[in-house]
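Novice: missing the sequence, but the structure's below:
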């Protein structure tokens with residue numbers, strides 16, 4: 001055997017030895033990807049389910065169907081626990097947009113229900129929700145509070161509207177102080193900008209309603225005096 005042939009044989013032998021575990025490694029990676037993909041599909045399904053429960057909770061709350069809203073909220077909390085458990089072994093899936101967005105919806109539904117029913121503000125640690133998702137949910141709850149204020153204005157409950165507006169103002173005052181990069185807050189600055197606009201419009205609507213109430217009271221008092229003197 002020539003020196004060249006011997007060298008080629010040794011080279012092929014070395015290549016084969018170096019790649020002996022390639023199949024083992026690739027199979028392990030494939031199994032991990034399959035498990036991760038399965039977890040991702042399940043997380044997406046559970047995320048959609050959680051968002052639906054949260055939307056129904058908010059809808060029932062606005063309709064003053066508080067018992068149903070409470071039951072739906074409890075179901076949403078259970079769905080959130082199952083979602084988190086589903087991705088517990090995969091931090092990248094837990095922090096993925098669809099998972100955190102669903103948990104943000106849970107924060108929004110929980111906060112909206114609590115404030116409308118005069119309950120204590122839910123704590124993010126008790127909810128098991130990351131702080132960025134909680135704060136963004138807090139901001140989005142302001143939009144639901146505006147809807148509630150408009151509903152009670154139509155029912156003539158202006159004083160209650162002032163209470164809710166004060167809560168909205170307090171929320172904005174906190175959000176605006178969270179001056180950190182979006183990578184940390186989950187895009188909170190954009191949410192805060194929206195909250196400011198919602199707050200200003202609601203304040204304007206409530207101011208008009210208060211003035212109308214005062215005008216109506218003045219007209220009634222005037223009519224009573226006219227009738228008394230007549």
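Specialist: Everything's here; your move. What you see is a predicted model; the values in this text were computed from it and never measured.

Novice: tell me the helix or strand right after the host helix or strand of residue 32.
Specialist: Assigned by DSSP states H and E, residue 32 falls within helix 22-62. Moving toward the C-terminus from helix 22-62, the next helix or strand (DSSP H and E) is helix 66-86.

Novice: let me see the ranges of the helices in this structure.
Specialist: Shown for the chain, the helices assigned by DSSP state H span residues 3-18, 22-62, 66-86, 91-94, 97-116, 124-127, 131-154, 158-175, 182-185, 188-229.

Novice: and the first one, average pLDDT?
Specialist: Spelled out, it's helix 3-18. On average, the pLDDT along helix 3-18 is 55.

Novice: how about the third one?
Specialist: Per-region confidence: helix 66-86 scores 96 on mean pLDDT.

Novice: so which elements touch that helix?
Specialist: Secondary-structure packing of helix 66-86 (3 or more Cβ pairs under 8 Å, 6 or more residues apart in numbering; DSSP states H and E): helix 22-62, helix 97-116. No exception for glycine: its C-beta is placed from N, CA and C like everyone else's.

Novice: got it, and the fourth one?
Specialist: Judged by 3+ Cβ pairs under 8 Å, 6+ apart, the packing partners of helix 91-94 are helix 22-62.

Novice: thinking again about what came up before, got a markdown table for the helices of the chain, with mean neighbour count too?
Specialist: Below are the helices of the chain laid out as a markdown table (neighbours: other Cβ atoms under 10 Å):
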| stretch | mean neighbour count |
| --- | --- |
| helix 3-18 | 10 |
| helix 22-62 | 15 |
| helix 66-86 | 17 |
| helix 91-94 | 14 |
| helix 97-116 | 23 |
| helix 124-127 | 14 |
| helix 131-154 | 21 |
| helix 158-175 | 16 |
| helix 182-185 | 12 |
| helix 188-229 | 13 |
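
Novice: hmm, back to that, how far does the helix holding residue 32 sit from its chain's centre?
Specialist: Centroid separation between helix 22-62 and its chain, computed with Cα atoms, centre = their mean, to the nearest Å, is 17 Å.

Novice: again with stretch 82-98
Specialist: Its chain's average C-alpha position is 15 Å from that of stretch 82-98, according to Cα atoms, centre = their mean.

Novice: before we move on, what about stretch 198-208?
Specialist: Chain-centre distance of stretch 198-208: 24 Å, with Cα atoms, centre = their mean.

Novice: which residues touch that stretch?
Specialist: 142-143, 145-146, 149-150, 153, 158, 161-162, 165, 168-169, 172 (Cβ atoms under 8 Å, 6 or more residues apart in numbering).

Novice: closest to residue 114 out of those?
Specialist: Within the contacts of stretch 198-208, proximity to residue 114 (Cβ to Cβ) peaks at residue 145, which comes in at 11.0 Å.

Novice: tell me the pLDDT of that closest one.
Specialist: At residue 145, pLDDT is 97.

Novice: so it touches residue 113, yeah?
Specialist: No. Taking contacts as Cβ atoms under 8 Å, residue 145 lies outside contact range of residue 113: 11.3 Å.

Novice: picking that back up, can you list the contacts of stretch 198-208 in CSV and add distance to residue 136?
Specialist: Shown next, in CSV, are the contacts of stretch 198-208 (distance: Cβ to Cβ, whole Å):
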residue, distance to residue 136
142, 11
143, 12
145, 15
146, 17
149, 21
150, 23
153, 27
158, 30
161, 25
162, 26
165, 21
168, 16
169, 18
172, 13
